[in-house]
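Asker: test case, fold it:
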Amino acid sequence: MVFRSVSIALVASISALGGTGLALAFSQQPNNALLERANVSVQPSNDTPKPALSPEMRGDIFMARKMYREAIDAFGEGPDKDPVIKNKTGIAYHQLLQLDNARKYYDQAVRLKSDYAEAVNNLGTVYYARKSYRRAITFYRRALRLQPESASIYSNLGTALFARKQYAEATEAFQTALRLDPDVFEHHSSYGVLLQERSVEERAKFHYYVAKMYAKGGRNELAMQYLRKALEEGFKERRKLNEDPEFAALRELPEFKELLVLEPRVL
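Answerer: You can find the predicted model right below:
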């Protein structure tokens, strides 16, 4: 796996499933980590000159500011044979919805390093955005062979399977994602080089399935949160709330009973 920890924070909420619907996934660091890794003192000093940031670091800063074109220019000044920079350039184009350019740079990253799981995953997100779900699934499964413990990639696989209405397989992928990272659906901002897909057409049904998984795991508060989302987004099969066994432990809760009789405003 190629991974160079960077200090960028691209924000994508799971509840805001429009636009690119993408989040960046990987380990978080304090905002001053970029300067620390560049050997730049976090404390101001009048005596020690600050070394210039590398093109990649400047690109990361532009990405954090959502200045994607400037990030692309900065990354372009970096080494031409660096797969991480190629992948980051693809992400910048992806955020601009320039999918052809994004795919080109992800392809270059994979050609430079064939086992680059993050870039392979990101190729899957391009095909997902184009509604080529079968091809997206192929790339996500390929990425999982390279990085089998990635909750984000399992989540992406589940999303693509869900789009093809392969609900049983999608649920299995989502459950694996939750086992690997219990908060995989709750990440609103993160750092890294791997895109996590958040855009689904059947949002109400998707959120209902997420609610079932949280209820099955005993995370009742999150289950209720996603049930509300599902109903607000027009989920019509209310009878399932009283039928699905995952909600058995919730049915005696006052807030669950209240949810059954409320008519939430459909968003």
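
Asker: what about the spatially most central residue of the chain, helix or strand, and which?
Answerer: Nearest to the mean C-alpha position of the chain, by C-alpha atoms, centre = their mean, lies residue 196 at 2.2 Å. Using DSSP states H and E, the secondary-structure element containing residue 196 is strand 194-197.

Asker: packing partners of that strand?
Answerer: Judged by 3 or more C-beta pairs under 8 Å, 6 or more residues apart in numbering; DSSP states H and E, strand 194-197 is in contact with strand 22-25, helix 117-129, helix 151-163. C-beta here means a position set from N, CA and C on the backbone, and glycine is covered the same way.

Asker: before we move on, back to that, quickly list what the residue nearest to the centre of the chain is bridged to.
Answerer: Note on residue 196: beta-bridge partners residue 23, judged by DSSP bridges.

Asker: lowest confidence element among the helices and strands of the protein?
Answerer: Within the chain, no helix or strand scores below strand 10-11, which has a mean of 32 by mean pLDDT, DSSP states H and E.

Asker: before we move on, the earlier item: what sits up against the next helix or strand after the strand holding residue 196?
Answerer: Remark: after strand 194-197, the chain's next helix or strand is helix 203-216, criterion DSSP H and E. Helix 203-216 is contacted from outside by 17, 159, 162, 167, 170-171, 174-175, 178, 185, 200, 220, 222-227, 229-231, 233-237, 240, 244, 246-247, 249-250, using C-beta atoms under 8 Å, 6 or more residues apart in numbering.

Asker: surely the residue nearest to the centre of the chain meets residue 152?
Answerer: Yes - contact status for residue 196 versus residue 152: in contact at 4.5 Å, counting by C-beta atoms under 8 Å.

Asker: residue ranges with poor pLDDT in this protein?
Answerer: 1-20, 24-47, 188-192, 263-267 (pLDDT under 70).

Asker: make it 50
Answerer: Low-confidence segments of the chain (pLDDT under 50): 1-3, 5-19, 26-42, 189-191, 267.

Asker: can you spell out the domain ranges of it, please?
Answerer: 10-147+187-201, 205-261 (automatic domain parsing).

Asker: and the ones you listed, which is most packed in?
Answerer: For the domains of the chain, average neighbour numbers computed from mean count of other C-beta atoms under 10 Å are highest in domain 10-147+187-201, which has a mean of 19.

Asker: sorry, back to before: mind putting the helices and strands packed on strand 194-197 in JSON lines, distance to residue 59 included?
Answerer: Formatted as JSON lines, the helices and strands packed on strand 194-197 follow (distance: least, C-beta to C-beta, whole Å):
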{"stretch": "strand 22-25", "distance to residue 59": "14"}
{"stretch": "helix 117-129", "distance to residue 59": "16"}
{"stretch": "helix 151-163", "distance to residue 59": "22"}
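
Asker: nearest to residue 93, out of these?
Answerer: helix 117-129 (9.8 Å; C-beta to C-beta).

Asker: what's the angle from the helix or strand following the closest one to helix 151-163?
Answerer: Sequence-wise, the next helix or strand downstream of helix 117-129 (DSSP H and E) is helix 133-146. Orientation check (axes from the mean of the first three to the mean of the last three C-alpha atoms, to 10 degrees): helix 133-146 against helix 151-163 gives 160 degrees.

Asker: show me what helix 133-146 packs onto, helices and strands only.
Answerer: helix 117-129, helix 151-163.

Asker: can I get that helix in PDB, CA atoms only?
Answerer: Below are the C-alpha coordinates for helix 133-146, written out as PDB (Å, rounded to 0.1, in the frame of the first residue of the first chain):
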ATOM      1  CA  TYR A 133     -21.800   0.000 -11.400                       C
ATOM      2  CA  ARG A 134     -20.600  -3.400 -12.700                       C
ATOM      3  CA  ARG A 135     -17.200  -1.900 -13.600                       C
ATOM      4  CA  ALA A 136     -17.100  -0.100 -10.300                       C
ATOM      5  CA  ILE A 137     -17.700  -3.300  -8.400                       C
ATOM      6  CA  THR A 138     -14.800  -4.900 -10.400                       C
ATOM      7  CA  PHE A 139     -12.400  -2.200  -9.300                       C
ATOM      8  CA  TYR A 140     -13.600  -2.200  -5.700                       C
ATOM      9  CA  ARG A 141     -13.000  -6.000  -5.500                       C
ATOM     10  CA  ARG A 142      -9.600  -5.600  -7.100                       C
ATOM     11  CA  ALA A 143      -8.800  -2.900  -4.500                       C
ATOM     12  CA  LEU A 144      -9.900  -5.200  -1.700                       C
ATOM     13  CA  ARG A 145      -7.600  -8.000  -2.900                       C
ATOM     14  CA  LEU A 146      -4.800  -5.500  -2.400                       C
END
